[in-house]
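Participant: Pasting the sequence and the predicted coordinates here, then a few questions.
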Amino acid sequence: MDNRNARRTLETMDTAATGAFLARNVPFDTLSPEKLAHVAANAREERYAAGTVVLVEDGEPAEHLFVVREGSIELVHQGEVVDVLYGGESFGHPSLLTGLAPAFTARASADAASVLLIPREAALSVLGNPAGAGYVAATLRELLVRTGHVVHALPELGTTPVGELIARPPLFCAGSDPIRAAAALMTEKEASAILVRDGDALRILTDATLRARVVAADLGADAAAASIATPALEVGADRIAVDAVVEMLDAGADHLVVVDPARRVLGILSAADLVGLETRSPFAMRHALLRAEDEDELVRAAAKLQPFFLALLDANVAPAGVGRILSLQIDSISQRLIDLAIARLGTPPVPWAWLTLGSVARREFTLGSDQENAVAYAPGGDEPASDRYFAALGEAVTRGLVRCGVHPDPNEVVAGNPLWRMSEPRWVGVFRECLESPDRSHLMRANVAFDFRHAAGALNVVPPLVSVLREAKAHPDFLRRFARAATDFKPPLGFRGALVTSATDTEGKGLDLKVGGTIPITNLARFHALSNGVTISSTHDRLVAVEEMGVLDAETASALREAFEIVTRIRLAHHAERINAGLPPDNVIEPGGLSPLTRAQLREAFRVVAHAQKRLSVYVPLGL
């Protein structure tokens, strides 16, 4: 489709309404009334149909500063959506300021978008003042960070070596065996191919060959298997999957045989095994979520999350990688739900920010995690009306996530709850109250809210909240109580360090890997980070940062990182077992069902946590 023809003609706007809209958003909110009126008078509006490209990556430099007024705009880098911009957010300024080609393609998302175009002279008057320069620096940093996280969370399974895709040992039969016996063995083992030894030659007999040469040609089933077997296509175990697909297509084959350097057969892969990678890749999953036409289609796309998760484990993606990938998919579901909700509810009345909390914020989501989210919105105007709007938005997204299989936190840490939906000044006040009045309620809130990530919306709420977090190290009473809270969840170790179980669910006794494993490590990392001014959220990154600062010794920091990886790996494997058994993923295991090696690793991981918790006694006076 010609993008120029997709645009709607320019329309006359109310300059005062445009100025009022711009004044609610950075960097326009610091302009004088005169300068704001000048910018608004020179702005024009264009509407773009869904999918219409506004700026082209590596194309013509931008001639305008673009501001999203309604709908949303996707920023795309090398074919991947890096960010989604909503009302009040700007784009195009790096290209406008440098005269260089855009680094991102900007296009209207699955819904139409209305965009204000501010010409160069007026835009420079906005971006040239201190507030504008700060906005440019902040947005460039955020884009750099988001791009990095998207890239790290999208490993292409198609680049996996074929040796890692083998799920079963190969089947063999002798060349003199009757076709009937070979077919019976294939049926018994539910295999689509069997290998036929013919001296040094390796031949293959497939379902397709049986249909074409036996059923259709009416060849006797007692004939020798070697009489209809065809030469096998062999590839090394290190061959990349996408290259193997090309080779298979060139050879006109539907199976290939994977061999090691000594030409020992490791397994057989079918065309379905390889071509199916496309539908199991993080790219394909994310594209399906972001392009869903409505919530029902989004729910259908999200239903593939469990088989997608199993594909990640089959591809030997590391536990940290699985967490990043799943968190990005949850971000994508949330973004599309926000789009759909705004399309129903209308334009938000004031700038806003959607905050992810907990495991998604830390990019450590598993299928046994809950959804935790919040909303911040700008003050001013009719605040009760604003709150009603964002209550409806929060409830719509929360409900949609539930339909997509992501259950809400049992403590209702969701944006539909007024405790997790408030104005920006109130959020800043709540963060400060957690530090200044660290009672049990505030400590519980801090454990959740202090792991936050700005996921969507134009309200730049991160700097004021992070500024409060940096004050934590100046509040000794908070640190003392926060240290005590970090030891509330004990690893499940009994007498002489044995693994113990407790009643954790209605089905009986079990060991909760989340409560007894990941939460204690996450709490320790959070304490050491906040007590030393580190404001990143990832558990791994927090432990690296405090080690590099010299406030946590290298042995303890390294041991905690390794313990976190061990517990997460066992937790993910348990999720997979539950899914394969037709059960919903949970976090409760029976230690007796683990292998001796896994039990030993888990026991050692818990000992590391217990030792690190004990060291916090320096912050916890006796008798507290």
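Facilitator: That came through fine. Residues are numbered from 1 along each chain as shown.

Participant: Going by C-alpha atoms from here, please, whenever you check contacts or count neighbours.
Facilitator: Will do.

Participant: what's residue 474 in contact with, if anything?
Facilitator: Taking C-alpha atoms under 8 Å, 6 or more residues apart in numbering, we find residue 474 in contact with no residue.

Participant: So for stretch 329-347, mean pLDDT?
Facilitator: When pLDDT is averaged over stretch 329-347, the result is 95.

Participant: which outside residues touch that stretch?
Facilitator: 70-72, 84, 87, 111, 285-286, 289-292, 294-295, 298, 302, 348, 360, 389, 393, 396-397, 400-401, 455-456.

Participant: Whichever of the residues you listed end up buried, select them in ChimeraX.
Facilitator: Buried residues among the contacts of stretch 329-347 (16 or more other C-alpha atoms under 10 Å), as a ChimeraX selection:
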select :70,71,72,84,87,111,285,286,289,290,291,292,295,298,302,348,360,389,393,396,397,400,401,455,456
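
Participant: Just the ones in strands from the contacts of stretch 329-347, please.
Facilitator: 70, 84, 455, 456 (DSSP state E).

Participant: Just the ones of the contacts of stretch 329-347 in helices?
Facilitator: The members of these that map onto helices under DSSP state H are 285-286, 289-290, 295, 298, 302, 360, 389, 393, 396-397, 400-401.

Participant: Closest to residue 377 out of the residues you listed?
Facilitator: Set against residue 377, the nearest of these by C-alpha to C-alpha is residue 389 (10.4 Å).

Participant: Do you have the strands of the stretch 101-250 of the chain handy? List them.
Facilitator: 105-108, 113-119, 172-174, 193-198, 201-206, 230-231, 234-236 (DSSP state E, counting those that start in this stretch).

Participant: so who does residue 61 touch?
Facilitator: Counting by C-alpha under 8 Å, 6+ apart, residue 61 touches 95, 96, 99, 100, 101, 102.

Participant: I'd assumed it was in a strand, is it?
Facilitator: No: secondary structure of residue 61, determined by DSSP: H, G, I helix; E, B strand; the rest coil: coil, with no strand assignment.

Participant: Just the local confidence number for the closest residue to it other than its chain neighbours, please.
Facilitator: Ranked by C-alpha to C-alpha, 6 or more residues apart in numbering and with sequence neighbours excluded, the top spatial neighbour of residue 61 is residue 101, at 4.5 Å. With respect to pLDDT, residue 101 scores 86.

Participant: go on, residue 497?
Facilitator: Looking at residue 497, the pLDDT reads 67.

Participant: Same question for residue 89.
Facilitator: 94.

Participant: Disregarding residues adjacent in the polypeptide, which is nearest to it?
Facilitator: residue 458 (5.0 Å).

Participant: tell me the secondary structure for the one you found?
Facilitator: Under three-state DSSP, the three-state class of residue 458 is coil.

Participant: That one and residue 26, how far apart?
Facilitator: For residue 458, the distance to residue 26 equals 8 Å [C-alpha to C-alpha, to the nearest Å].

Participant: cool, residue 396 as well?
Facilitator: 27 Å.

Participant: which stretches of the stretch 451-600 of the chain have low pLDDT?
Facilitator: 495-497, 502-509 (pLDDT under 70).

Participant: Same check on the chain?
Facilitator: Along the chain, the parts satisfying pLDDT under 70 run over 1-13, 147-160, 215-218, 242, 246, 249-250, 275-281, 495-497, 502-509, 618-624.

Participant: Could you chop it up by domain?
Facilitator: The record assigns the chain these domain ranges, following automatic domain parsing: 3-152, 170-269, 279-469, 482-619.

Participant: Now the ones you listed in a markdown table, please, with extra columns for distance to residue 163.
Facilitator: Listed next are the domains of the chain as a markdown table, based on distance: least, C-alpha to C-alpha, whole Å:
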| stretch | distance to residue 163 |
| --- | --- |
| domain 3-152 | 23 |
| domain 170-269 | 4 |
| domain 279-469 | 10 |
| domain 482-619 | 20 |
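
Participant: out of these, nearest to residue 161?
Facilitator: domain 170-269 (4.4 Å).

Participant: that older thread, overlap of the contact sets of residue 458 and residue 26?
Facilitator: Counting by C-alpha under 8 Å, 6+ apart, the shared contacts of residue 458 and residue 26 are residue 88.

Participant: rewinding a little: wait, doesn't the residue nearest to residue 89 sit right on residue 91?
Facilitator: No: if you go by C-alpha atoms under 8 Å, residue 458 and residue 91 don't touch, sitting 11.5 Å apart.

Participant: Now distance to residue 538 too, for the ones in helices among the contacts of stretch 329-347, in a markdown table please.
Facilitator: Converted to a markdown table, the ones in helices among the contacts of stretch 329-347 look like this (distance: C-alpha to C-alpha, whole Å):
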| residue | distance to residue 538 |
| --- | --- |
| 285 | 24 |
| 286 | 22 |
| 289 | 25 |
| 290 | 25 |
| 295 | 30 |
| 298 | 28 |
| 302 | 25 |
| 360 | 10 |
| 389 | 31 |
| 393 | 27 |
| 396 | 28 |
| 397 | 24 |
| 400 | 26 |
| 401 | 23 |
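
Participant: Among these, which pair sits farthest apart?
Facilitator: Greatest spatial distance among the ones in helices among the contacts of stretch 329-347 (C-alpha to C-alpha): 285 and 389, at 30.5 Å.

Participant: What about residue 586? Give its phi and psi, please.
Facilitator: Dihedral pair for residue 586: phi -140, psi -170, per degrees, to the nearest 10.

Participant: now it: how far from residue 570?
Facilitator: To residue 570, residue 586 is 12 Å away according to C-alpha to C-alpha.

Participant: The spatially most central residue of the chain in helix, strand or coil?
Facilitator: For the chain, the residue nearest the mean C-alpha position is residue 328 (1.7 Å; C-alpha atoms, centre = their mean). Following three-state DSSP, we place residue 328 in the helix state.

Participant: Ok, residue 525 next?
Facilitator: Following three-state DSSP, we place residue 525 in the helix state.

Participant: That one contacts residue 536, doesn't it?
Facilitator: No: using C-alpha under 8 Å, residue 525 makes no contact with residue 536, being 10.5 Å away.

Participant: Overlap of the contact sets of the two?
Facilitator: In contact with both residue 525 and residue 536: residue 542, using C-alpha under 8 Å, 6+ apart.

Participant: So if I had to pick from those two, which one is more boxed in?
Facilitator: A count of neighbours by other C-alpha atoms under 10 Å puts residue 525 above the other of residue 525 and residue 536, at 25 against 20.

Participant: do you know how far the more buried one is from residue 132?
Facilitator: Residue 525 sits 35 Å away from residue 132, going by C-alpha to C-alpha.

Participant: cool, and residue 445?
Facilitator: Residue 445 sits 34 Å away from residue 132, going by C-alpha to C-alpha.

Participant: Among these two, which residue is more densely surrounded?
Facilitator: residue 132 (21 against 17).

Participant: how about the nearest residue in space to that one that is not next to it in sequence, what does it touch?
Facilitator: Once flanking residues are discounted, residue 132 sits nearest to residue 27: 5.4 Å by C-alpha to C-alpha, 6+ apart. Counting by C-alpha under 8 Å, 6+ apart, residue 27 touches 126, 127, 131, 132, 135.
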